[in-house]
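Enquirer: here you go, sequence then predicted model.
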Amino acid sequence: MTLLADPSTPGVPRTYSTVDPRDGSPIDSYPVADDAAVAATVAAAREAAGWWADQGFAARKRLLLRWKSAIANEASALAEVISRETGKSASDAMLEVMLTLTHLDWAAKNAHDVLKRRKVHAGLMNYNQKASLGYEPYGVVGVIGPWNYPFYTPMGSISYALAAGNAVVFKPSELTPGTAVWIADRFAKAVGRPVLQALTGDGGTGAALVRAGVDKVAFTGSTRTAKKVMALCAESLTPLVAECGGKDALIVAADADLDAAADFVVFGSMGNAGQTCVGVERVYVDRVVSEKLIAKVVERAQRVRVGGEKPTYGPMTLPSQTAVIAAHVDDALAKGGRAVLGGPESVGDRYVEPVILLDVPEDSDAVRHETFGPTVVINTVGSVDEAVRLANATEYGLGAAVFTKDAATGRRAAKQLKAGVVTINSVLGFAGIPALPFGGVKGSGFGRIHGADGLREFSTPKSVAHQTGKAALNLLTVERSEKDDHMVAKLLPMLHGRAK
Ligand code: NDP
């Protein structure tokens with residue numbers, strides 16, 4: 001972040017400038033929201049939240065779809081903003097817009113069915129009560145997002161939080177404020193109230209948002225920052241959904257379609273320059289087919305175009321990430337791994353050429369920690385079971401993939417893999433299926449965005465028990481009779497005495 005104003009100048013808001021990572025050219029400058037600005041934004045959101053909740057499902061759906069159509073009609077303009085801030089290709093940015101709107105559409109159209117008040121059985125002993133369950137919005141949700149998919153990722157929280165009836169204050173990564181301001185601006189035009197607002201700034205702005213009395217925090221970013229955010233949430237017992245990093249493994253069984261597997265290894269590990277939370281970072285391939293698979297992966301990776309006119313992928317968005325990638329490659333080679341394509345020389349100042357590492361020890365950084373670059377480790381195993389064991393031996397648990405022609409093998413691996421989402425014969429196949437909840441286990445976080453669970457994540461269940469008549473057996477009284485106690489003693493074995 002480049003600060004443009006002296007932070008100590010009284011009365012002058014701090015600003016910072018963003019740059020296009022492709023060539024370092026300046027894009028724009030944005031305010032760094034301080035505690036007072038954060039408090040004012042959350043106060044405006046609190047007022048708007050009441051109005052938004054009162055609109056009900058039908059009106060919210062209409063307004064959200066109006067916003068969706070405004071974004072769709074200017075999709076190329078948004079894709080251009082995303083491209084400039086992240087350095088990703090126009091094609092990747094457009095795909096991001098399309099996938100995101102699929103989720104917004106689903107959330108808007110399904111919120112009523114998922115969250116509406118419904119009757120639940122009160123049970124035999126409570127025949128005199130009508131019981132119902134409904135889901136109510138929290139109020140104001142603070143969304144903190146990363147830079148790698150600056151539209152798709154935070155919108156996984158924003159769309160579902162809004163559809164559930166909450167107001168949202170969105171603090172984007174300091175690298176991608178323009179995307180956040182763009183979508184909040186289109187929202188303001190479509191809805192006319194500050195139900196969704198963007199707050200630009202740095203990590204301090206994110207921390208101030210968590211402390212500003214929001215009713216729930218939806219954080220997406222690294223596991224390291226999630227721990228800091230969780231500690232802040234603990235101060236006020238503010239609930240948190242945490243979508244964090246990953247170290248996803250892709251398993252290739254002996255019977256797999258190797259061409260399809262190789263395509264997905266390259267797409268999953270090198271697409272978006274490897275800057276994907278559910279990107280492929282490790283491959284475990286059955287030794288019977290490992291040579292063939294490696295040849296196919298190398299052949300495809302050699303066709304990857306880095307930067308230039310029609311790139312497969314662009315520069316690293318976060319300049320300091322190149323140091324992490326270089327350290328992981330060095331460590332893998334020092335510990336006995338081999339580079340079959342690229343090597344330390346592939347890591348440039350901003351651009352990183354594909355690196356394929358083989359036989360990398362399981363205790364090396366390139367196997368244990370998130371690399372977040374266009375590199376992949378391919379290790380050989382004796383069976384799918386061994387692959388699953390190694391895939392699970394990580395502190396992360398976001399996504400995993402298995403390639404096999406045998407449906408039963410795929411299902412068994414999917415059950416055994418400790419991850420929030422498993423794909424069989426694809427990677428990222430779930431991203432455009434809005435009904436599927438998304439999130440991780442272990443160090444990859446907790447809670448879910450997307451799908452019905454995503455709508456419920458941003459709602460609080462409200463139970464209502466309505467007594468409509470007198471109970472035959474009145475137990476809810478301080479004047480319980482001996483006859484009633486006797487009846488309870490007789491009923492208990494009848495109701496619960498059998499073990500089935
Ligand atoms: P960071 O953890 O660095 O930052 C995430 C967000 O938190 C940014 O907006 C950042 O602001 C903000 N932040 C930083 N410090 C604090 C703080 N103390 N309190 C509150 N907020 C703070 O992640 P990146 O932006 O570098 O994103 C990459 C990471 O995100 C990877 O680990 C990736 O795997 C993960 N990710 C996970 C996804 C998932 O769905 N599971 C999806 C996409 C990415 P600022 O940028 O201004 O410092």
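Expert: Alright, I've got the coordinates. Values in this document were obtained by computation on a predicted structure and should not be read as measured data.

Enquirer: and the stretch 51-200 of the chain, which residues reach the ligand?
Expert: 144-149, 153, 171, 173-174 (CB under 6 Å from any ligand atom). Yep, even glycine has a C-beta here, placed from its N, CA and C like the rest.

Enquirer: one more time with 5 Å, if that's ok
Expert: For the stretch 51-200 of the chain, the residues in contact with the ligand (CB under 5 Å from any ligand atom) are 144, 146-147, 153, 173-174.

Enquirer: residue 454 against residue 158, yeah?
Expert: No. Here residue 454 lies out of contact with residue 158, judged by CB atoms under 8 Å, at a distance of 10.9 Å.

Enquirer: now which of the residues of the stretch 51-200 of the chain next to the ligand would you call buried?
Expert: Among those, those classed as buried by 16 or more other CB atoms under 10 Å are 144, 146-147, 153, 173-174.

Enquirer: turn the residues you listed into a markdown table, including pLDDT, distance to residue 380 and secondary structure.
Expert: Shown next, in a markdown table, are these (pLDDT from 0 to 100; distance: CB to CB, whole Å; DSSP: H, G, I helix; E, B strand; the rest coil):
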| residue | pLDDT | distance to residue 380 | secondary structure |
| --- | --- | --- | --- |
| 144 | 98 | 40 | strand |
| 146 | 98 | 33 | coil |
| 147 | 98 | 35 | coil |
| 153 | 98 | 33 | helix |
| 173 | 98 | 37 | coil |
| 174 | 97 | 41 | coil |
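
Enquirer: just the helices in the stretch 51-200 of the chain please.
Expert: 75-86, 90-115, 152-163, 177-191 (DSSP state H, counting those that start in this stretch).

Enquirer: most tightly packed of those?
Expert: helix 152-163 (a mean of 29; mean count of other CB atoms under 10 Å).

Enquirer: tell me the angle of that one relative to helix 90-115?
Expert: 30 degrees (axes from the mean of the first three to the mean of the last three CA atoms, to 10 degrees).

Enquirer: what's the angle from helix 152-163 to helix 177-191?
Expert: 30 degrees.

Enquirer: now for helix 152-163, which elements pack on it?
Expert: Where contact means 3 or more CB pairs under 8 Å, 6 or more residues apart in numbering; DSSP states H and E, helix 152-163 is packed against helix 35-73, helix 90-115, strand 140-144, strand 167-171, strand 216-220, strand 240-243, helix 451-457.

Enquirer: tell me the contacts of residue 437?
Expert: 448-454 (CB atoms under 8 Å, 6 or more residues apart in numbering).

Enquirer: just the closest of those residues to residue 185, please.
Expert: Of all the contacts of residue 437, residue 449 has the smallest distance to residue 185: 23.1 Å, by CB to CB.

Enquirer: per-residue confidence at that closest one?
Expert: Note for residue 449: predicted pLDDT of 98.

Enquirer: residue ranges with poor pLDDT in the chain?
Expert: Residue ranges of the chain with pLDDT under 70: 1-12.

Enquirer: hmm, try it at 90
Expert: 1-13, 124-125, 309, 471-474, 500 (pLDDT under 90).

Enquirer: up against the ligand, what does it have?
Expert: Residues of the chain lying near the ligand (CB under 5 Å from any ligand atom): 144, 146-147, 153, 173-174, 202-203, 206-207, 220-222, 225, 228-229, 243, 245, 277.

Enquirer: try 6 Å this time
Expert: Listed as neighbours of the ligand in the chain under the rule CB under 6 Å from any ligand atom: 144-149, 153, 171, 173-174, 202-203, 206-207, 210, 220-222, 225, 228-229, 243-246, 277, 318, 370, 398, 440.

Enquirer: re the thing from before, and of the helices and strands packed on helix 152-163, who's closest to residue 469?
Expert: The minimum distance between residue 469 and the helices and strands packed on helix 152-163 falls on helix 90-115, with 29.1 Å, by CB to CB.

Enquirer: got the contact list for the residue nearest in space to the middle of the chain?
Expert: What sits nearest the mean C-alpha location of the chain, by CA atoms, centre = their mean, is residue 243, with 4.7 Å. For residue 243, the contact set (CB under 8 Å, 6+ apart) comprises 153, 156-157, 218-221, 277, 438-440, 444-445, 447, 449.

Enquirer: quick revisit: select, from the buried ones among the residues of the stretch 51-200 of the chain next to the ligand, the two members most distant in space.
Expert: Spatially, the most separated pair among those is 153 and 174, at 15.0 Å (CB to CB).

Enquirer: what residues sit buried inside stretch 323-338?
Expert: Buried, per 16+ other CB under 10 Å, within stretch 323-338: 324-333, 337.

Enquirer: wait, I meant stretch 484-491
Expert: Neighbour-count burial for stretch 484-491, counted by 16+ other CB under 10 Å, picks out residue 484.

Enquirer: hmm, back to that, which one of the contacts of residue 437 sits closest to the ligand?
Expert: Within the contacts of residue 437, the smallest distance to the ligand is 7.3 Å, found for residue 449 (CB to the nearest ligand atom).

Enquirer: report the beta-bridge partner residues of that closest one.
Expert: Beta-bridge partners for residue 449, by DSSP bridges, are residue 438.

Enquirer: what number of residues lie near it?
Expert: Counted with other CB atoms under 10 Å, residues neighbouring residue 449 total 27.

Enquirer: pretty sure it sits against residue 160.
Expert: Yes. Look at residue 449 against residue 160 with CB under 8 Å: they come within range, at 5.9 Å.

Enquirer: mutual contacts of the two, please.
Expert: With CB under 8 Å, 6+ apart, residue 449 and residue 160 have common neighbours residue 457.

Enquirer: so what's residue 128 up against?
Expert: 467-472 are the contacts of residue 128 under CB under 8 Å, 6+ apart.

Enquirer: scratch that, residue 200
Expert: 30-33, 171-172, 174, 177, 180-181.

Enquirer: repeat that with 6 Å
Expert: Applying CB atoms under 6 Å, 6 or more residues apart in numbering to residue 200 gives the contacts 30-31, 177.
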